[in-house]
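Engineer: Here is a sequence with its predicted model. Questions after.
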Amino acid sequence: MDIPNLVKWARYKGITLLGTGDFTHHLWLEELKHYLQPQPDKGLLYCEGVYFVLSVEVSNIFSQNNKVYRVHNIIMVPSFNVAAEVNRMLSFHGNLASDGRPIFGMSCRTLAQELFKISEDIMLIPAHIWTPWFSVFGSNSGFNSLEEAFGKYTEKITALETGLSSDPPMNWRLSSLDSYTLVSNSDAHSPSRIGREANVFDCALDYWEIKRALETKDRDKFLYTVEFFPEEGKYHYDGHRNCNVRFHPAETKRLNGICPVCRKPLTRGVLYRVDELADRPEGFVPENAIGYKSLVPLDEIIAEIKGVDKKSKSVEKEYVNLVKEFDSEFNLLVNIPTEELYSKLPTRLADGIRRIREKQLNILPGFDGEYGKIKIFDEEKTAEDKGQMTLF
């Protein structure tokens, strides 16, 4: 996860703008300064065809009203100078050198207050807002409203990150979120995971233009999000990983939230928590909703067709060939017309991309920290097609 590899994979994916992550860590900050060229007029950084925005995810663990809350927040800034001021302020509240995602004992309200004292240009976005253990609405450590968390600074929140285990339709069930722009970020921990979620803009490559598009929920400038299928996220359903039990919220309620194996409380996932706070039925679409597209990463499609692990060399080789042939992964998965897919790709691969676009999938939902499993094809057909994927 160094800059050269991030640039390489951004090109593979078809991504123009990446978050740097971890600008609070002194060693990574030096890497950023070494590789990235500031673009002061844009509020961004640049390296070999890819733009970057200075970003970091921080962990706020604090007591409020006799309860402990654990919330992750994303901070974005338009320059190294503002980043230095943020780091200086945060250094009084925690050890910035200990981790890429530093932990602070300050509340969300105090974080917002201190950030906006530094600059009104800063973007503050609550991260993966439904994750059970570390989020603003988390079932085990969060609030029931943004106002409880951020107080008078709620109006300065730029957007809300849905996280891998929820998608826009789940968030549309809460009328209290209608005024916020929903963003989707990949939360990548390796270069190949870049872009598993993303945001698609039609505006100038400019920090302040992007900030304005998010603040105003401008549907002409913020077109749609690219989404993980939320069932594939690690906290979609309820359950206990160690007990090997996963449940839909309806079953959790029938069990009174207690694991039938160990008799301890179940980890309640995102779907349960959304249902708990929702004031609308499933399927409701707000008037000002921004659209989305649900995708399965290309390497996962290739791996299923070949019947091998997605990390295998044969998958990587096929993947690189495809993205070079079709310009990028997103271009292939999103933009190429279906008829053209069938004329230029093996039938099985074209079938896979079409089925994903039409959401014709079998999904075993994730739960209690374990990713869900997506099957695009029937088992028997997949077995028949092993090894029939070579394109070049």
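Structural biologist: Here it is on my side, so go on. Numbering: from 1, shown residues only.

Engineer: Sticking with S55, tell me its helix or strand.
Structural biologist: Assigned by DSSP states H and E, S55 belongs to strand 50-64.

Engineer: and stretch 215-222, which residues are buried?
Structural biologist: For stretch 215-222, the buried set under the neighbour-count rule, 16 or more other C-beta atoms under 10 Å, comprises 215, 217-218, 221-222. Backbone N, C-alpha and C define where each C-beta goes, glycine included.

Engineer: Likewise for stretch 369-378?
Structural biologist: So for stretch 369-378, counting by 16+ other C-beta under 10 Å, buried means 369-372, 374, 376-377.

Engineer: Between its first and last residues, how far does stretch 29-44 reach?
Structural biologist: From its first residue to its last, stretch 29-44 covers 15 Å (C-alpha to C-alpha, to the nearest Å).

Engineer: next one: stretch 172-185
Structural biologist: This stretch, stretch 172-185, spans 18 Å end to end (C-alpha to C-alpha).

Engineer: Please shift the residue numbers so they start at 35 in all later answers.
Structural biologist: Got it, the first residue is 35 from now on, which makes the last one we talked about stretch 206-219.

Engineer: Average pLDDT for that stretch, rounded please.
Structural biologist: The average pLDDT for stretch 206-219 rounds to 97.

Engineer: Now Y405. Nearest residue, chain neighbours left out?
Structural biologist: K268 (5.4 Å; C-beta to C-beta, 6 or more residues apart in numbering).

Engineer: thinking again about what came up before, between the buried residues of stretch 249-256, which is nearest W242?
Structural biologist: E249 (10.2 Å; C-beta to C-beta).

Engineer: ok, what's across the strand from G273?
Structural biologist: R280, T301 (DSSP bridges).

Engineer: Relative to K407, how far out is it?
Structural biologist: In this view, G273 and K407 are 14 Å apart by C-beta to C-beta, to the nearest Å.

Engineer: On the three-state scheme, K358 is what?
Structural biologist: With DSSP: H, G, I helix; E, B strand; the rest coil as the basis, K358 sits in helix.

Engineer: And E334, by the same measure?
Structural biologist: Counting by three-state DSSP, the backbone at E334 sits in helix.

Engineer: Isn't it up against K344?
Structural biologist: Yes: E334 is within contact range of K344, at 5.4 Å (criterion: C-beta atoms under 8 Å).

Engineer: Please report how far L216 lies from D252.
Structural biologist: L216 sits 14 Å away from D252, going by C-beta to C-beta.

Engineer: just the strands in the stretch 135-284 of the chain please.
Structural biologist: 137-138, 157-160, 194-195, 216-217, 232-235, 256-261, 272-274, 279-281 (DSSP state E, counting those that start in this stretch).

Engineer: what packs against the longest one?
Structural biologist: With contacts defined as 3 or more C-beta pairs under 8 Å, 6 or more residues apart in numbering; DSSP states H and E, the secondary structure elements packing on strand 256-261 are strand 232-235, strand 325-328.

Engineer: Give me the sheet partners of it and which way each runs.
Structural biologist: Applying DSSP bridges, one finds strand 256-261 paired with strand 232-235 (antiparallel), strand 325-328 (parallel).

Engineer: Packed most tightly, which of the ones you listed would that be?
Structural biologist: strand 232-235 (a mean of 20; mean count of other C-beta atoms under 10 Å).

Engineer: Using PDB, write out every CA atom in that strand.
Structural biologist: Extracted in PDB, the C-alpha atoms of strand 232-235 (Å, rounded to 0.1, in the frame of the first residue of the first chain):
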ATOM      1  CA  ALA A 232     -16.500   4.500  -5.000                       C
ATOM      2  CA  ASN A 233     -18.200   7.800  -5.800                       C
ATOM      3  CA  VAL A 234     -18.800   9.100  -9.300                       C
ATOM      4  CA  PHE A 235     -18.700  12.900  -9.900                       C
END
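
Engineer: returning to what we had before: return the most buried member of the strands of the stretch 135-284 of the chain.
Structural biologist: Ranked by mean neighbour count under mean count of other C-beta under 10 Å, the strands of the stretch 135-284 of the chain are led by strand 272-274, which reaches a mean of 26.

Engineer: counting contacts, what elements does that one pack onto?
Structural biologist: With contacts taken as 3+ C-beta pairs under 8 Å, 6+ apart, strand 272-274 sits against strand 279-281, helix 283-288.

Engineer: Which residues outside it are in contact with it?
Structural biologist: With contact meaning C-beta atoms under 8 Å, 6 or more residues apart in numbering, strand 272-274 is reached by 279-283, 285-286, 293, 295-296, 298, 300-303, 305-306, 401-402.

Engineer: All set, thanks.
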